[in-house]
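*Asks:* Sequence and computational prediction follow.
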Amino acid sequence: MQSDGRIRTFHILTFGCQMNLADSSTLAATLTSRGFSRVVTEEEADLLIFNTCSVREKAEERVFGRLGDVVRLKKARPHMKVAVVGCMAQRLGEKLVEKAPQVDFVLGTDRVFELPDVVAEGKGVSPINTAFGHENIDTIEPSRETPFSAFVTISRGCDNYCTYCIVPFVRGREVAHSADVIVESVRKLVADGVVEITLLGQNVNSYHHGEIAFPELMQRLVEETDLARLRFMTSHPKDISKHLLEVMAGSDRIMPHIHLPLQSGSSRVLEAMGRKYTAEHYLGIVGSIREKLPYVSLTTDLMVGFPTETEEEYEQTLQVVKTVQFDSAFMFRYSVRPGTAAAKQVDDVPENIKIERLQKLIELQQAISYDRNQREVGRVVRCLVEGVSRRDAAMMRGRTEGNKIVLFKTGAKEGDIVSVSISSADAYTLHGHIMEEN
Ligand code: SAH
Ligand code: SF4
Ligand code: F3S
């Protein structure tokens, strides 16, 4: 088909965390409401959008790799436009276009939703804009990926400045939505058929708006909406309060899952990372969580090879991981991020040592995840049916209250909450069958 050069269709490639996934679906909704239509392949798109992540060097390299392929796509369809938005756009700005001239628009984290105006030429909006401005975030609509589940961003940005982390630089300072706006968003989504909502923030537990802190916000959502399943992430250990655990224990509609990044098991390394807790303090928090919420799933983020990390300090991480017994973990090698405090230090743990440390940590965690999942065998768990399994079309995929994936034979529809009897498990997935009456 001959193109008249107008931009009508778009496709979004999303990299990075849930916040980016949420932003991508909000962006898709915004573009759709402005008359653009979403297409499933890059080849069909008049506008190809990369919503990007800067958290590790690899995340950025992946985007540059994909941008390389775009040159060929643009040759075949010269009217095609390419937008890079989000964290990498924020970090690199103009430099991104210098490195990848095939890119037409660069919009930072607070400019993402201006893309429709930027595309509609003649509005005088700059194609490269990385100015912050998320003070008026209450105008941003919540997003949903499926008819039955949604993300609601409750705060944006981060004030913690962990020494290794680029997020405060690319997301700006922490700003919270008002509780009234959040409650109203959740009510609307529930009225529209949503049964599970994940509250999102770089640091949800530090949520504060007027008199309302995170536990009060959770309490209001439980009392003032009919939402069936409420989740949240990510939690910083320094902000987990007794009050929050009481609120969680007091409602079976708040899902028993806490993602609590540990990073390192060495108190010396934690201090150098600017994490504001010691390994002992972290273990104390885990003790209080498990006392109040015996069935809680605990997941974490871990990093190896932070500058100056010794073999002994790394062993301490293994030790804390063994002691805590996390349900699962995201594990990373330290990656220098220009401009952060840690970037001033020499990246002195050799790459091969980082790889070895990571490998051994992954093996340890896999064995622990396997053990933790065995504890589910023989139990009947409540699951939200999310869809058909990606690997086996005869199986459905659900999510337990503790955020584990369960596969079971078809017999329920997407969006249902069903009881599943767990018959076996590996390190990543539970297997079971649906119980008769639900
Ligand atoms: N806001 C969340 C997570 C942000 S980034 C939090 O505070 O926990 C997600 C994870 O990426 C971090 O928990 C950390 O483990 C990892 N990460 C961040 N910066 C990194 C870096 N420079 N190198 C390697 N991993 C990093
Ligand atoms: Fe990064 Fe630390 Fe903020 Fe998390 S809390 S986003 S790791 S600076
Ligand atoms: Fe990456 Fe930005 Fe999220 S740097 S982890 S996409 S906040």
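*Replies:* The structure has been received and is ready for your questions. Ligands and ions are numbered 1, 2, ... in the order given.
*Asks:* The residue lying closest to residue 173 once chain neighbours are set aside: what's it in contact with?
*Replies:* Nearest residue to residue 173, sequence neighbours excluded (CB to CB, 6 or more residues apart in numbering): residue 157, at 5.0 Å. Any C-beta I mention is one placed from the backbone N, CA and C, and that applies to glycine too. Contacts for residue 157 (CB atoms under 8 Å, 6 or more residues apart in numbering) come out as 134, 168, 171-175, 202.
*Asks:* ditto for residue 298
*Replies:* Taking CB under 8 Å, 6+ apart, one finds 257-258, 260, 286, 289-290, 324-327 in contact with residue 298.
*Asks:* buried subset of the residues you listed?
*Replies:* 257-258, 260, 286, 289, 324, 326-327 (16 or more other CB atoms under 10 Å).
*Asks:* any chance of the residues you listed in TSV, plus distance to residue 102?
*Replies:* Conversion of those to TSV gives the following (distance: CB to CB, whole Å):
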residue	distance to residue 102
257	41
258	42
260	41
286	48
289	48
324	46
326	42
327	42
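*Asks:* Closest one to ligand 1 out of those, please.
*Replies:* For those, the closest approach to ligand 1 (CB to the nearest ligand atom) belongs to residue 260, at 8.4 Å.
*Asks:* Name the nearest residue to the closest one, sequence neighbours excluded.
*Replies:* In space, not counting the residues next to it along the chain, residue 260 is nearest to residue 235; the distance is 5.1 Å by CB to CB, 6+ apart.
*Asks:* Domain ranges for the protein, per the record?
*Replies:* 9-129, 137-374, 380-434 (automatic domain parsing).
*Asks:* Any chance of TSV for those domains, columns mean pLDDT?
*Replies:* Output for these, formatted as TSV (pLDDT from 0 to 100):
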stretch	mean pLDDT
domain 9-129	93
domain 137-374	96
domain 380-434	94
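*Asks:* Would you reformat those as CSV and include distance to ligand 3?
*Replies:* Formatted as CSV, those follow (distance: least, CB to the nearest ligand atom, whole Å):
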stretch, distance to ligand 3
domain 9-129, 3
domain 137-374, 5
domain 380-434, 18
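*Asks:* hey, where'd the helices end up in this structure?
*Replies:* 18-33, 57-76, 87-92, 94-99, 115-119, 167-171, 179-191, 214-224, 242-249, 267-273, 279-292, 311-324, 351-374 (DSSP state H).
*Asks:* what's around the nearest residue to residue 100 once chain neighbours are set aside, how many residues?
*Replies:* Sequence neighbours aside, residue 67 is the residue nearest to residue 100 in space, at 4.7 Å (criterion: CB to CB, 6+ apart). By the criterion of other CB atoms under 10 Å, residue 67 has 20 neighbours.
*Asks:* same check, this time on residue 76
*Replies:* Residue 76, neighbours per other CB under 10 Å, totals 8.
*Asks:* Next up, the contacts around the closest residue to residue 230 other than its chain neighbours.
*Replies:* Nearest non-adjacent residue to residue 230, counting by CB to CB, 6+ apart: residue 254, 5.0 Å away. By CB under 8 Å, 6+ apart, the contact set of residue 254 is 218, 222, 230-231, 247-248.
*Asks:* any idea how far ligand 1 is from the nearest residue to residue 12 once chain neighbours are set aside?
*Replies:* Distance criterion CB to CB, 6+ apart; nearest residue to residue 12, sequence neighbours excluded, is residue 49 at 4.5 Å. Using CB to the nearest ligand atom, to the nearest Å, one obtains 22 Å as the distance from residue 49 to ligand 1.
*Asks:* Could you pull up the residues touching residue 49?
*Replies:* 10-13, 24, 27, 82-85, 115.
*Asks:* Which of the residues you listed has the largest number of neighbours?
*Replies:* Neighbour max across the contacts of residue 49 (other CB under 10 Å) = residue 85, 28 neighbours.
*Asks:* hang on, that residue packs against residue 47?
*Replies:* No: Residue 85 is beyond contact range of residue 47, at 11.2 Å (criterion: CB atoms under 8 Å).
*Asks:* Columns neighbour count and distance to ligand 2 on top of the contacts of residue 157, output as CSV?
*Replies:* Listed next are those as CSV, based on neighbours: other CB atoms under 10 Å; distance: CB to the nearest ligand atom, whole Å:
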residue, neighbour count, distance to ligand 2
134, 17, 15
168, 17, 5
171, 23, 7
172, 20, 11
173, 12, 11
174, 19, 9
175, 18, 14
202, 21, 4
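*Asks:* Is it possible to get CSV of these that adds distance to residue 31?
*Replies:* CSV is the format used below for the contacts of residue 157 (distance: CB to CB, whole Å):
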residue, distance to residue 31
134, 20
168, 28
171, 22
172, 23
173, 28
174, 27
175, 24
202, 25
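*Asks:* And these, which is closest to residue 334?
*Replies:* residue 168 (17.2 Å; CB to CB).
*Asks:* how near is the residue nearest to that closest one when sequence neighbours are not counted to ligand 2?
*Replies:* Of all residues not flanking residue 168 in the chain, residue 158 sits nearest, at 4.7 Å (CB to CB, 6+ apart). Computed as CB to the nearest ligand atom, the residue 158 to ligand 2 distance reads 3 Å.
*Asks:* Double-check residue 158 against residue 174; I have them as touching.
*Replies:* Yes: Residue 158 is within contact range of residue 174, at 5.6 Å (criterion: CB under 8 Å).
*Asks:* overlap in contacts of these two?
*Replies:* With CB under 8 Å, 6+ apart, residue 158 and residue 174 have common neighbours 202-203.
*Asks:* follow-up on the earlier one: gap between the residue nearest to residue 12 and residue 326?
*Replies:* Counting by CB to CB, to the nearest Å, the gap between residue 49 and residue 326 amounts to 34 Å.
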